[in-house]
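[1] Have a look; sequence and predicted model below, questions after that.
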Amino acid sequence: MSLQSKAAGRVQPEAPVSSLARQIWMRRLVGVLLTICGLLTFAYAGITSYMATLVVAQHPLALAGTPAEYGLKYSNVQFPARIDHLTIRGWFIPGVLPDGQLTTARVLIMVHGANQNRTDPAAGLLQLSSTMAYAGFAVLVFDTRGTGQSAPAPFSLSYFEQRDVLGAVDFLQTGPLPYPALGRPRVIGGWGVSMGANSLLLAAAQDSSIKAVVADSAYPDIAPILEREIPKQSGLPDFFTPGALAAARVLYGIDFYQIKPGDVVARIAPRPLFFIQGGADSFNPPSNLAVLVADAKAAPNANVQSWLVPGAAHAQSYNVAGSVYVDRVVKFFNTALGSDSQV
């Protein structure tokens, strides 16, 4: 064997140094990119989880008065929400007839707006509920879960609060009578404002015991409002919002994308509906009134009224229209629920 052949047999070809270095550099780059992706994912999850916690956080407010300030008798009541049985607390106010006698024949469930309680000073609920009592309607007004004196719970913009409304129905139908001598209610109606209106609509679509509904400043779909408001309130870019809403579903069981009263409002027919909306509402666009009315009228036997109140901001129609508001709401319920003496 020649020297050249032996040398050829002993020497193994080696990869170029530049090729090995390139492979090492690529591995390191992939590792760095994976680490960065992991950190970004972790940061996004952390930020959106924190945002979800802020969205659902409740800060209960003290009650701003009682019906006694309006010369009314009332009883402190509590009842379990339907399904999850959280303790809901409120007032039962007997109606006052023209001769001064008390009545519980017709009861209105009245539901406050977001981040408020049964007095809801922003919407004037204590005054309005007292006025309705003097118009001859008994009133059950309560703190939704996590507000006022009710049991702590996440704020869900009616996803869970509708259960509180359904619990109020159960209380009126089968619960202990606040005024046994006056008997059990003959008929139930409902009034709600903003979130309370949505909760009431969602509940009425499930339970036909609610015979008539006034929905003031309701939303057909809550997701567009949240997609606009969460970036504004948090100061963070809007690409965090879907993650925050997804985190709310995982952490708290709240699917904000499913809060769509417009999808179910037609089920309330043929029971009467009265939609009220402020004409100067910059939070919940007045155009949503037409959307809800159209959704409700999709039922062939729909019974729908609506009123766009000029100059009223969000949930301010009662404060703006005053006695006209009361007259229209009282007329609606008198027509829908019948007179106090009717059986």
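    Received the coordinates, thanks.
[2] how long is stretch 139-159 end to end?
    The straight-line separation of the ends of stretch 139-159 (Cα to Cα, to the nearest Å) is 23 Å.
[3] Just the buried positions in it, please.
    Residues of stretch 139-159 classed as buried: 139-151, 153-159 (neighbour count, 16 or more other Cβ atoms under 10 Å). For the C-beta atoms, the positions are set from N, CA and C on the backbone; glycine is no exception.
[4] mind checking the longest helix of this protein?
    helix 17-56 (DSSP state H).
[5] Between the two ends of stretch 84-98, how far is it?
    Separation of the first and last residues of stretch 84-98 by Cα to Cα is 40 Å.
[6] ignore the last one, stretch 150-157
    For stretch 150-157, the separation between the terminal residues is 16 Å (Cα to Cα).
[7] ok, back up a step: among the buried residues of stretch 139-159, which lie within strands?
    When DSSP state E defines the strands, the subset of the buried residues of stretch 139-159 inside them is 139-142.
[8] can you put those in TSV and add pLDDT and distance to residue 297?
    Shown next, in TSV, are these (pLDDT from 0 to 100; distance: Cβ to Cβ, whole Å):
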residue	pLDDT	distance to residue 297
139	98	29
140	98	29
141	98	29
142	98	30
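[9] what's the farthest-apart pair in those?
    The most widely separated members of those, counting by Cβ to Cβ, are 139 and 142 (10.1 Å).
[10] Mutual contacts of the two, please.
    Taking Cβ atoms under 8 Å, 6 or more residues apart in numbering as the criterion, residue 139 and residue 142 both touch residue 91.
[11] quick one: contacts for residue 44?
    The neighbours of residue 44, taking Cβ under 8 Å, 6+ apart as the test, are 240, 243.
[12] how much space between it and residue 325?
    Going from residue 44 to residue 325 by Cβ to Cβ, to the nearest Å gives 46 Å.
[13] residue ranges for the helices of the chain, please.
    In the chain, the helices defined using DSSP H lie at 3-10, 17-56, 125-134, 161-174, 195-206, 223-234, 241-252, 261-264, 287-296, 317-321, 323-337.
[14] Give me whichever of those helices is most buried.
    Mean neighbour count (mean count of other Cβ atoms under 10 Å) peaks for helix 195-206 among the helices of the chain, with a mean of 27.
[15] Flag the shaky bits of the stretch 1-150 of the chain, pLDDT-wise.
    Applying pLDDT under 70 to the stretch 1-150 of the chain flags residues 1-17, 29-34, 38-42.
[16] mind running it again at 50?
    For the stretch 1-150 of the chain, residues meeting the criterion pLDDT under 50 lie at 1-8, 15.
[17] got a list of what residue 155 touches?
    55-58, 114-115, 146.
[18] 6 Å instead?
    If you count contacts by Cβ atoms under 6 Å, 6 or more residues apart in numbering, residue 155 has them with 56, 58, 146.
[19] for those, which one is nearest residue 240?
    Nearest member of these to residue 240, counting by Cβ to Cβ, is residue 56, at 15.5 Å.
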